[in-house]
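**Q** requesting a structural model of the entry that follows:
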Amino acid sequence: MNTQPNRRARAAFFAAALAMALATAPAAHAQDIKIGVILGFTGPIESLTPDMAASAELAMKEASDSGLLLGGRRIEPVRADSTCVDAAAATAAAERLVTAERVAAIYGADCSGVTTAVANNVAIPNGVVMVSPSATSPALSSIDDNGFFHRTAPSDVRQGQVLADVLNDRGITEVAVTYTNNDYGKGLSESFSGAFKANGGTVAISAAHEDGKADYSAEVAALAASGAEHLAVFGYLDQGGKGIIQAALDTGAFSDFIMADGMIGDSLPAAIGPALNGSIGTLPGGAAEADIFNRYAKNVGIDGDGPFRGESYDAAALIILAMQAAGSADRAAIQRNMMKVANAPGVKIGVGYLDKALRILARGGDVDYVGATNVEFNEVGEVFGTYKELEVRAGKFETVRVR
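**A** Predicted coordinates:
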């Protein structure tokens, strides 16, 4: 009996089976949709970014686990470090996400300067949607983005006015201002100073500071020479802003501080101690939806009641819903559907209900995503937003009022 043909047949069969297995394994993995997560995991806000990333990735997991995204596809978050302050490093990190990782969209960046660099140098030229949860520079409202840049944190044009109103209500009529020497600091300083003066207040001095210095005594001395009793610090809680406050306290130059969003986080009162009690500040958030997100996040081990965490969940959720509305993870298709899922008309979608939204969109229906921050985009893809008025009490930032 001749068995050679049978051996050949079996060998051919097993070879074909092996080839099929090798071919299908990468294909199955390729069904994952990559979304870039670019934040300053190092740098002047590094204490904030872990929970921001976790909040965005919570939305990604929620959609993946539902089994409803584009017929059961899953999302793979791919992290990159923006550094918050190094535009060249952020641009290189974003290039890797777009060209090597082939992400469908980008959640981030965070700080205004690096966000501008990533948008102009990487995202817009490559036709990739990016949604920042925390870049607040007024200049970002007018970039030529072709509809590819959005943000879920409001512009500092709004924050400057809110902060000026807080001071007016507290009877503070004169301040010294120091700001980090970048797009964020300059934009917020200008917005606040204009609004504060319009309210009848006086800015005794407005001076920039650089991040990363070991000694801020000279900067503080110049600010104190203005004669103002209150110091507004528009910087970053893990670097220059913290250094300014510490130097002011060490020299006795100031004891009353006013802060904006870049200074808000648990690490600051922990570092400064009881001397920070009584300081005030503002932070985007505080809508009723924020409390729902906080409870939802805490159920999975995330402290949702912190800076830009609800905005992060919303940024990722909007990208996901735009994919579903498009019926595709194609970059251009995502862009065409961002405004559609963010605004009316449609079924309102809150935190924890991405599965409901995915079902509606799969059937060809419309959704109006509300999320954790009461999202509603204007014509340039940014939100108006609400703000929390904060005060440091017993070593913690506490909400006094929502504006």
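**Q** for this structure, what spans make up the strands?
**A** 33-39, 75-81, 105-108, 130-132, 149-151, 174-180, 202-209, 230-234, 256-259, 280-284, 347-349, 367-369, 387-393, 396-402 (DSSP state E).
**Q** just name the most buried of these.
**A** Highest mean neighbour count among the strands of the chain (mean count of other C-beta atoms under 10 Å): strand 105-108, with a mean of 31. (Glycine included, C-beta is placed from N, CA and C.)
**Q** show residues contacting that one.
**A** For strand 105-108, the external contacting residues (C-beta atoms under 8 Å, 6 or more residues apart in numbering) are 35-39, 56, 77, 82, 94, 97-98, 115, 118, 123, 128-133, 312, 315-316, 319, 322-323, 331, 334.
**Q** alpha carbons of it, in CSV - could you do that?
**A** C-alpha atoms of strand 105-108 as CSV (Å, rounded to 0.1, in the frame of the first residue of the first chain):
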residue,chain,number,x,y,z
ALA,A,105,-8.2,59.6,17.5
ILE,A,106,-6.4,61.4,20.3
TYR,A,107,-7.7,62.1,23.8
GLY,A,108,-5.6,65.0,25.0
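**Q** just how off-centre is that strand within its chain?
**A** Centroid separation for strand 105-108 versus its chain: 10 Å, with C-alpha atoms, centre = their mean, to the nearest Å.
**Q** pairing partners for it, with directions?
**A** Under the criterion DSSP bridges, strand 105-108 sits next to strand 33-39 (parallel), strand 130-132 (parallel) in its sheet.
**Q** so residue 86 is in contact with residue 118, correct?
**A** No. In this structure, residue 86 is not within contact of residue 118 by C-beta atoms under 8 Å, at 11.5 Å.
**Q** residue nearest the centroid of this protein?
**A** residue 133 (2.3 Å; C-alpha atoms, centre = their mean).
**Q** check contacts around the residue nearest to that residue when sequence neighbours are not counted.
**A** Excluding its sequence neighbours, the residue lying closest to residue 133 (C-beta to C-beta, 6 or more residues apart in numbering) is residue 311, at 3.8 Å. Residue 311 sits next to 133-134, 152-153, 284-285, 372-373 when contact means C-beta under 8 Å, 6+ apart.
**Q** and those, which of them are buried?
**A** Neighbour-count burial (16 or more other C-beta atoms under 10 Å) applied to these gives 133-134, 152-153, 284-285, 372-373.
**Q** just flag the most distant two among these.
**A** 134 and 372 (13.6 Å; C-beta to C-beta).
**Q** can you pull out the helices in this structure?
**A** 4-30, 49-66, 87-95, 112-118, 156-169, 183-198, 217-224, 240-251, 267-272, 288-298, 309-326, 331-342, 354-362 (DSSP state H).
**Q** tell me which of the ones you listed is the most buried.
**A** helix 309-326 (a mean of 29).
**Q** any idea how far that helix is from the middle of the chain?
**A** With C-alpha atoms, centre = their mean, you get 12 Å for helix 309-326.
**Q** can you show me the CA trace of that helix as PDB?
**A** These are the backbone C-alpha positions of helix 309-326, laid out as PDB (Å, rounded to 0.1, in the frame of the first residue of the first chain):
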ATOM      1  CA  ARG A 309     -11.600  64.000  35.500                       C
ATOM      2  CA  GLY A 310     -15.200  64.400  34.300                       C
ATOM      3  CA  GLU A 311     -13.900  66.300  31.300                       C
ATOM      4  CA  SER A 312     -11.600  63.400  30.500                       C
ATOM      5  CA  TYR A 313     -14.400  60.900  30.600                       C
ATOM      6  CA  ASP A 314     -16.500  63.100  28.400                       C
ATOM      7  CA  ALA A 315     -13.600  63.600  25.900                       C
ATOM      8  CA  ALA A 316     -13.200  59.900  25.400                       C
ATOM      9  CA  ALA A 317     -17.000  59.200  25.300                       C
ATOM     10  CA  LEU A 318     -17.500  61.800  22.500                       C
ATOM     11  CA  ILE A 319     -14.800  60.100  20.400                       C
ATOM     12  CA  ILE A 320     -16.400  56.700  21.000                       C
ATOM     13  CA  LEU A 321     -19.900  57.900  20.100                       C
ATOM     14  CA  ALA A 322     -18.700  59.700  17.000                       C
ATOM     15  CA  MET A 323     -17.200  56.400  15.800                       C
ATOM     16  CA  GLN A 324     -20.500  54.600  16.400                       C
ATOM     17  CA  ALA A 325     -22.500  57.300  14.600                       C
ATOM     18  CA  ALA A 326     -20.100  57.000  11.700                       C
END
